[in-house]
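Enquirer: no sequence for this one, just the structure:
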């Protein structure tokens, strides 16, 4: 054996020894859950640190570190069902780059924007195999969602200043909740995901006291969602709940329809924002420089490269704006995907998400999974009128919720199939 091989073996033994000792640490489980506070790290780093100090790369570094910690726990020889679609989806993204062409750093950043949160999802699926970590994660997500909801409500009570372009010129509202997520639509999207999980917890909780607590926290989240005045988020949660009720209980769907319609008619300012969409002024604004104008431009761009698209990071998003390729947000993630990745990439994304939804709906006897189905559907529906999947924080938590549901999927014998 050569000297290089001996040194290599010694280094390997040291690495294995380090990770074995780390697992024995009494705070090891808490260490693995540190990434779940992603939004707070991101907010603090971007708000209180100077540019050029690695702020833009902190999440990549964190991802490498935490996947490195659990890497030896992943059994690649016995592939589990969720690994295959994730791996194929990554490869399809590379194939799309080959088909659309490589445009330098903007392509790399555009690819990373879509696929990096998915790696976090894989990380959480692996650590949620441990029941203790999963239970802690549920409670942490309850706490994070409740904090954002309460914070958003207090912003409304104290009339915290916001950006002028968050309200229309014809709006009757003057303030919208946004918490630390940067915009009312982002907070609304997170509340939609949070409410879905809370409904699942209410359905599975056996303790009456805890069930009442969860109901109360869900009402707070609903109030925060209303105060975002996000039409897309409100419609998304209504439609996703209606879909789940249509599958599980059509009688409840009828009651839900009457209740939500009556609530919309009773609530003044929130209802007015929906009515306002149909006014001639609003339609004219949308056709001039609003969503309809952006969508029209997007469709024209799509027709230029319909199969593989223009390429990652080349249209209607933060990456395209950063590199001076585009000067607006597409306000529709699927249209953005259609322009950037063509029919090939769009169909791949639909099949990828559809496959996971199919697997979850097959386990609909687990009511927590049913709640997460509302979460997933609500987020995906909201992206028809916003480009939220391309916001790293929201995409990160979308995959946290998805990982929670995947970790609960059982096979026919009742054993975990992770």
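Expert: Arrived safely, thanks for sending. It should be emphasised that the depicted structure is a prediction, and the values quoted were computed from it without experimental measurement.
Enquirer: Could you report the neighbour count for residue 179?
Expert: The number of residues packed around residue 179, counting by other C-beta atoms under 10 Å, is 25. The way it works is simple: take the backbone N, C-alpha and C, and place the C-beta from them, glycine included.
Enquirer: Next up, phi/psi of it, please.
Expert: Torsion angles at residue 179 (phi, psi; degrees, to the nearest 10) stand at phi 50, psi -130.
Enquirer: you'd agree it is up against residue 152?
Expert: Yes - counting by C-beta atoms under 8 Å, residue 179 does reach residue 152; the two are 4.6 Å apart.
Enquirer: Show me the common contact partners of those two, please.
Expert: Applying C-beta atoms under 8 Å, 6 or more residues apart in numbering, one finds that residue 179 and residue 152 are jointly contacted by 187, 224.
Enquirer: Could you list the low-pLDDT ranges of the stretch 151-300 of the chain?
Expert: For the stretch 151-300 of the chain, applying pLDDT under 70 flags the ranges 168-172, 261-272, 275, 278.
Enquirer: give me that answer again for 50
Expert: Nowhere does the stretch 151-300 of the chain drop to pLDDT under 50.
Enquirer: shouldn't residue 148 be in contact with residue 192?
Expert: No - Residue 148 lies out of contact with residue 192 (C-beta under 8 Å); the separation is 12.0 Å.
Enquirer: Among those two, which residue is more densely surrounded?
Expert: residue 192 (30 against 22).
Enquirer: Which strand or helix spans that one?
Expert: Counting by DSSP states H and E, the element that carries residue 192 is helix 184-204.
Enquirer: Could you do residue 59 as well?
Expert: Residue 59 is part of helix 58-70, with elements assigned from DSSP H and E.
Enquirer: buried sites along that helix?
Expert: 59, 63, 66, 69 (16 or more other C-beta atoms under 10 Å).
Enquirer: Stretch 286-305 now?
Expert: Buried residues in stretch 286-305, counted by 16+ other C-beta under 10 Å: 286, 291, 294-295, 297-298, 301-302, 305.
Enquirer: Can you give the distance of it from its chain's centre?
Expert: Between the centre of stretch 286-305 and the centre of its host chain there is 25 Å, according to C-alpha atoms, centre = their mean, to the nearest Å.
Enquirer: Residues touching that stretch, excluding its own?
Expert: 100, 283, 309-310, 315-316, 328-332, 335-336, 338-339, 342, 385.
Enquirer: Just the buried ones from the residues you listed?
Expert: Listed as buried from the contacts of stretch 286-305 are 100, 309-310, 315-316, 329-332, 335-336, 338-339, 342, 385; burial here means 16+ other C-beta under 10 Å.
Enquirer: From the contact counts, what lies against the next helix or strand after the helix holding residue 59?
Expert: Per DSSP H and E, the first helix or strand lying C-terminal to helix 58-70 is helix 83-100. Other elements packing on helix 83-100 under the criterion 3 or more C-beta pairs under 8 Å, 6 or more residues apart in numbering; DSSP states H and E are helix 105-127, helix 333-361.
Enquirer: Now helix 83-100: buried residues?
Expert: 86, 89, 92-93, 96-97, 99-100.
Enquirer: Quick one: work out the angle between it and helix 333-361.
Expert: Taking axes from the mean of the first three to the mean of the last three C-alpha atoms, to 10 degrees, one finds helix 83-100 and helix 333-361 inclined to each other by 160 degrees.
Enquirer: Just checking the distance from helix 83-100 to the centre of its chain.
Expert: Remark: helix 83-100 is offset 20 Å from the chain centroid, using C-alpha atoms, centre = their mean.
Enquirer: And for stretch 353-370?
Expert: With C-alpha atoms, centre = their mean, you get 17 Å for stretch 353-370.
Enquirer: swap in stretch 250-260?
Expert: 27 Å.
Enquirer: Please enumerate residues in contact with it?
Expert: The contact list for stretch 250-260 (C-beta under 8 Å, 6+ apart) reads 238, 241-242, 245-246.
Enquirer: Same list (these) but as a markdown table, adding distance to residue 400.
Expert: A markdown table is the format used below for the contacts of stretch 250-260 (distance: C-beta to C-beta, whole Å):
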| residue | distance to residue 400 |
| --- | --- |
| 238 | 23 |
| 241 | 21 |
| 242 | 25 |
| 245 | 25 |
| 246 | 27 |
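Enquirer: Among the residues you listed, which ones are in helices?
Expert: Per DSSP state H, helices hold the following members of the contacts of stretch 250-260: 238, 241-242, 245-246.
Enquirer: where does the closest residue to residue 191 other than its chain neighbours land in three-state SS?
Expert: Closest residue to residue 191 in three dimensions, ignoring its sequence neighbours and counting by C-beta to C-beta, 6 or more residues apart in numbering: residue 225, at 4.1 Å. When classified by DSSP: H, G, I helix; E, B strand; the rest coil, residue 225 comes out as helix.
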